[in-house]
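J.: the sequence and its predicted three-dimensional model are supplied below.
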Amino acid sequence: MLEYFCPKLNECLVPYFTYRTNKYIAIEVPIVGIVHRLVQIAALCYVVFNMVTGSAWAYNEVPVGQVNAWVEVGGYKDEAKNLNPYTSKTYCSNPEYAYDYGSGWVYGTPANPPICNSPNEFTITEKTTDSVFITTAYIENNEYGFPCADAGGTADALTCTAQYTGGEVVAYANGQCVCTGPKNTYYPLASEKMVVAVEHFYNTRLGVKLSGSSINNDVDPELDTTVKFVDKDAPDGVREVEYMAGEVINISVADMLFGAKHAYCKEGSVADGRDGTMDGECNTGITLDESNSDQGQEDQSDSSAEAKYPSFRTTGASVTVSIYYDNLQANGRAKGLGPDNEKYKVKATVEISVQTMSWASVGGSTTFKAYPTGEIGAETWELSSRYKQGVMVNFAQSGEIYSFNFFYLINVIVEGLVLLGFAATVADNFAFYCLGGGQSTILRNKRCEKVSKKSEFAEVGLKAALGTQMFNYFDRDNNGVIESVDIVRAFAAIEKSDGSGPALTPEQAHAIATAIMSDADTDGSSFGSLDFAEFMTCVEGDATNFTFFLDKVDDAKGLSVMEDYNDCLDAFKNAREVAEEKKAKRAEKRRKFSERYPNAKPHEVQLGRTSSRSDKGGGVTLTKPRSESSV
C-alpha cells in the first residue's frame with residue numbers, strides 16, 4: 001500500500017526494510033506427508049494434554065515458607081507422677097537395652113543397664129529455626145579436676161576414688177589430674193509423649209502476591225492443613241488429620257514416629273516387615289522400643305553371642321516434616337477463572353518421613369558444678385557432661401502456587417508452536433535419509449544446492465547467451481533497448497485458446513509493461529527502456545547483477561582455452577556485420593524515450609492504481625501516457 005500513497009518514501013525505505021524468509025521445496029511423497037501430520041498431531045495432543053492436565057497454561061512458583069516449631073511437655077510429666085513408673089516400663093533398668101557400640105561408646109551394661117529418670121523438659125529438648133530435638137537417651141558422666149599430689153599419682157587415685165566410686169584418674173605432664181566417674185546411660189521416662197507443636201507460614205513473590213498463616217483465621221482465603229500418617233488399616237494406607245486455620249498443629253513424638261513413612265523401604269528389609277507383610281510397602285512407622293537393625297551395627301560386648309542391636313530409644317531417629325503448599329483442584333489441576341478467595345485458596349499438606357539407617361544426635365553438652373580455679377596445671381573444677389541421642393525433627397517447605405498470567409500464557413503457546421515445528425524436523429530426516437529407491441538422495445540434492453562463483457558465473461553466462469535470442473525478439477527495430485512498446489507488441493501477438501481475439505487487453509499489456517519498467521529500469525543512461533544488462537538482471541533475478549557479472553568475469557587464461565580465441569573473434573565479427581546490415585536497412589531510428597517524453601523523470605515510472613476494471617478483459621485502467629510518435 002505504501003507504494004501507492006507514498007511512492008518516493010517507499011522507494012527510499014526498500015534498501016533498509018527488506019524482509020527475508022526461507023524458501024521451501026514441496027515434497028510430493030505421500031508417506032512423508034503422513035509422517036509429518038502424525039508427528040504434528042502427536043505434538044499437538046501433547047501440548048493440549050499438558051495444558052489441560054498439567055496446568056501448563058498457568059504460571060506457577062514455589063512459595064517461600066517459614067516454620068515456628070517447639071516442643072510441648074504433653075504427657076511427659078504425667079508418667080513420672082504414676083505410682084511406680086520406673087518398674088512398669090520395660091525399658092527401665094532392663095539389661096536387654098544395654099548396648100556397646102565399640103570405641104568406648106557404651107550405652108549401659110548388663111550390670112548397669114540404662115536407667116529411667118525424669119529430668120526437666122528443657123534439659124532434654126532443643127530448638128532451632130527449622131528443627132526441634134527430643135532426647136530419648138543420653139550418656140552422663142562426671143569429671144573432677146585437681147592438682148596431682150606427686151609424680152607417682154598414688155594420692156591422686158585415692159582422691160579420685162573418694163570423689164567417685166569406681167572413678168578413674170589421668171595425670172597430665174603439667175601436674176594436672178582429671179578424675180572421671182563411671183558413665184551411666186539414662187532414658188528420660190516417656191519422652192515419646194512429648195508433643196511437637198508447629199505453626200507455619202508462606203508467601204509468594206513473583207506472581208499474584210499471596211501470603212498465609214496456619215494460625216490466622218481472620219483472612220480470606222484461610223490456610224488449612226492436612227497431616228498425612230501412614231496407617232495399614234486406613235484406606236489406601238493413609239490416615240489424614242485436618243487442622244483448620246487458627247489451630248496449632250500438635251503431634252506427639254510417638255504418633256509422629258509411628259505415622260511416618262520410611263525414607264527408604266527395600267522389599268524384604270526390616271522396615272518392610274514392620275507392617276507384618278514383606279511386600280515392599282512400609283505401611284507403618286516405628287516405635288522407640290523396636291530394635292534398630294537398620295543402622296547395621298551389632299553389639300560389640302560379646303561377639304560370640306547372637307546378634308544384638310540397639311533400640312530406637314538408644315539410637316534415636318531423624319524425622320523430616322515436609323509441608324507442601326498448593327492451590328490445585330481435587331483432580332490436581334490449576335483452578336481457572338473465578339473469585340479470588342476460591343481461585344487462590346491455598347492448602348497445606350504435611351507428610352512425615354523417618355530415616356532409620358543412622359543415629360540421630362545433637363552431640364554433647366557440659367554443666368559446671370564448680371568452675372575452674374587455680375593456676376594452669378593445678379586447677380580445680382567439677383562438671384557433668386551429657387551426650388544425647390534422640391528424635392531430630394527437621395522441617396522442609398515447598399509447593400506450587402498457580403496464577404493466571406497473560407504473558408506467561410503467550411510464552412507457553414510459543415513453546416507449543418516450537419514443539420509443533422519439531423514435526424518438520426522429523427519429516428525432513430525421514431524424507432532425506434529414509435526413503436528407498438534413490439528418492440532420499442534426489443530430495444537431498446534438491447534441497448542442498450551447491451553454489452560457487454565458478455558454477456554461478458557459468459550459469460549466468462549461458463543464460464545471457466540464451467537471453468540474446470529473447471532480447472532480439474523484443475528489439476524488433478534493433479535499437480539496442482527494449483521499451484514498453486516492444487513488450488506490449490509481444491503480448492498483442494498472443495491469441496486466446498478459442499481463437500476469438502488477443503489473450504490480453506491493451507490496458508493489461510500496458511500495465512504489465514509498466515510494472516516491468518518500474519522495477520527493472522535502473523540505469524539512467526537508458527531511461528525509459530531496458531538495455532541488455534538491465535534485461536538480464538531482470539530475467540536472472542537475485543542471483544547477480546549482470547553489470548556486476550561483466551565486471552567480475554575473468555579474462556580467458558591458459559593455453560587450453562586460448563586455442564579457440566581467434567575462431568570466437570571471427571564469429572563475433574561476422575555476427576556483428578549481420579547486425580550492422582540490419583541497422584543500415586532502417587530508414588531512421590526511433591528517438592530516445594527521454595527525448596520523446598521530456599517531462600518524465602527517471603525512476604518515476606510507477607504502476608498505476610486501479611480505478612476501474614474493463615467489462616470484457618478485466619484489465620487495469622491506467623492513467624494514459626502521452627501519445628507516442630515514431631519520430
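T.: Received it, and whenever you're ready, just let me know what you need.

J.: return the helix or strand in the protein with minimum mean pLDDT.
T.: In the chain, no helix or strand scores lower on mean pLDDT, DSSP states H and E than helix 559-562, which sits at a mean of 52.

J.: right, and the helix or strand after it?
T.: helix 565-585 (DSSP states H and E).

J.: report the rounded mean pLDDT for that next one.
T.: With pLDDT averaged residue by residue, helix 565-585 scores 73.

J.: C-alpha coordinates for the helix or strand Ala43 falls within, CSV please?
T.: Using DSSP H and E, Ala43 maps to helix 30-53. Only the C-alpha atoms of helix 30-53 are listed here, as CSV (Å, rounded to 0.1, in the frame of the first residue of the first chain):
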residue,chain,number,x,y,z
PRO,A,30,2.6,-39.1,0.5
ILE,A,31,4.4,-41.2,3.1
VAL,A,32,6.5,-38.1,4.1
GLY,A,33,3.3,-36.0,4.4
ILE,A,34,1.7,-38.8,6.6
VAL,A,35,4.7,-38.9,8.9
HIS,A,36,4.7,-35.1,9.2
ARG,A,37,1.0,-35.0,10.0
LEU,A,38,1.2,-37.8,12.5
VAL,A,39,4.1,-36.1,14.4
GLN,A,40,2.2,-32.8,14.3
ILE,A,41,-0.9,-34.5,15.7
ALA,A,42,1.2,-36.2,18.5
ALA,A,43,2.9,-32.8,19.3
LEU,A,44,-0.5,-31.0,19.4
CYS,A,45,-2.0,-33.7,21.6
TYR,A,46,0.9,-33.4,24.0
VAL,A,47,0.7,-29.6,24.1
VAL,A,48,-3.1,-29.8,24.7
PHE,A,49,-2.8,-32.6,27.3
ASN,A,50,0.0,-30.7,29.1
MET,A,51,-2.1,-27.5,29.1
VAL,A,52,-5.2,-29.2,30.5
THR,A,53,-3.9,-31.9,32.8
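
J.: ranges for the helices of the stretch 101-250 of the chain?
T.: In the stretch 101-250 of the chain, the segments counted as helices under DSSP state H, counting those that start in this stretch are 154-163.

J.: quick one, strands of it?
T.: 105-107, 115-117, 125-127, 131-147, 168-171, 176-180, 184-188, 195-203, 211-213, 224-230, 238-243, 249-252 (DSSP state E, counting those that start in this stretch).

J.: pull out the buried positions in stretch 221-237.
T.: Pro221, Glu222, Leu223, Asp224, Thr225, Val227, Lys228, Phe229, Val230, Asp231, Gly237 (16 or more other Cβ atoms under 10 Å). C-betas here are computed from N, CA, C, even on glycine.

J.: that older thread, nearest to Gln66, of the strands of the stretch 101-250 of the chain?
T.: Shortest distance between Gln66 and those, using Cβ to Cβ, is found for strand 195-203: 4.8 Å.

J.: what strands line up against that closest one, and which way round?
T.: According to DSSP bridges, strand 195-203 has the following sheet partners: strand 64-72 (antiparallel), strand 211-213 (antiparallel), strand 249-252 (antiparallel).

J.: send the alpha carbons of it over as CSV?
T.: The C-alpha trace of strand 195-203 is given here as CSV (Å, rounded to 0.1, in the frame of the first residue of the first chain):
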residue,chain,number,x,y,z
VAL,A,195,4.4,-33.0,71.7
VAL,A,196,5.8,-31.2,68.7
ALA,A,197,3.8,-28.0,68.1
VAL,A,198,4.0,-26.4,64.7
GLU,A,199,2.9,-23.1,63.1
HIS,A,200,3.8,-22.4,59.5
PHE,A,201,3.6,-19.5,57.1
TYR,A,202,4.1,-18.9,53.4
ASN,A,203,4.2,-16.1,50.9
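
J.: contacts for that strand next, please.
T.: 63-74, 132, 134, 209-215, 223, 225, 248-253, 256, 321, 323, 325, 346, 348, 393, 395, 397, 399 (Cβ atoms under 8 Å, 6 or more residues apart in numbering).

J.: rerun that using 7 Å as the cut-off
T.: The contact list for strand 195-203 (Cβ atoms under 7 Å, 6 or more residues apart in numbering) reads 63-72, 74, 132, 210-215, 248-253, 256, 323, 325, 348, 393.

J.: burial measure for Ile249, as a count.
T.: Number of residues near Ile249 (other Cβ atoms under 10 Å) recorded here: 21.

J.: also Ala263?
T.: Count around Ala263 with other Cβ under 10 Å applied: 15.

J.: and it, how far from Ala317?
T.: Distance, Ala263 to Ala317, using Cβ to Cβ, to the nearest Å: 10 Å.

J.: which neighbours do those two have in common?
T.: The contact sets of Ala263 and Ala317 overlap at Val354, Gln355 (Cβ under 7 Å, 6+ apart).

J.: buried ones in stretch 313-329?
T.: 313-328.

J.: next one: stretch 195-209
T.: Val195, Val196, Ala197, Val198, Glu199, His200, Phe201, Tyr202, Thr204, Gly207, Val208.

J.: of these, the lowest pLDDT goes to which?
T.: Gly207 (75).

J.: what's near enough to touch that one?
T.: Tyr59, Glu61, Ile401, Ser403, Asn405.

J.: most surrounded residue in these?
T.: Ile401 (25 neighbours).

J.: show me where the stretch 101-250 of the chain dips below the pLDDT cut-off.
T.: 150-154 (pLDDT under 70).

J.: angle of the lengthiest strand in the chain against strand 64-72?
T.: Longest strand in the chain, counting residues (DSSP state E): strand 380-403. Using axes from the mean of the first three to the mean of the last three Cα atoms, to 10 degrees, the inter-axis angle of strand 380-403 relative to strand 64-72 is 140 degrees.

J.: mind checking the pLDDT average for strand 380-403?
T.: Strand 380-403 comes out at a mean pLDDT of 94.

J.: in the chain, which residue is most central in space?
T.: Centroid-nearest residue in the chain: Glu415, 11.8 Å away (criterion: Cα atoms, centre = their mean).

J.: low-confidence ranges in the stretch 301-450 of the chain?
T.: For the stretch 301-450 of the chain (pLDDT under 70), the answer is 303-304, 337, 450.

J.: please repeat the previous calculation with a cut-off of 90.
T.: In the predicted model of the stretch 301-450 of the chain, residues 301-308, 327-345, 356-358, 376-378, 401-425, 427-450 satisfy pLDDT under 90.

J.: for it, what spans make up the helices?
T.: Along the stretch 301-450 of the chain, the segments classed as helices by DSSP H, counting those that start in this stretch run 312-315, 340-343, 406-433, 439-447.

J.: turn those into a markdown table, including distance to Ala520.
T.: Listed next are those as a markdown table, based on distance: least, Cβ to Cβ, whole Å:
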| stretch | distance to Ala520 |
| --- | --- |
| helix 312-315 | 92 |
| helix 340-343 | 63 |
| helix 406-433 | 36 |
| helix 439-447 | 29 |
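
J.: mind checking which of those is nearest Ser365?
T.: Here helix 312-315 is closest among the helices of the stretch 301-450 of the chain (Cβ to Cβ), at 18.2 Å.
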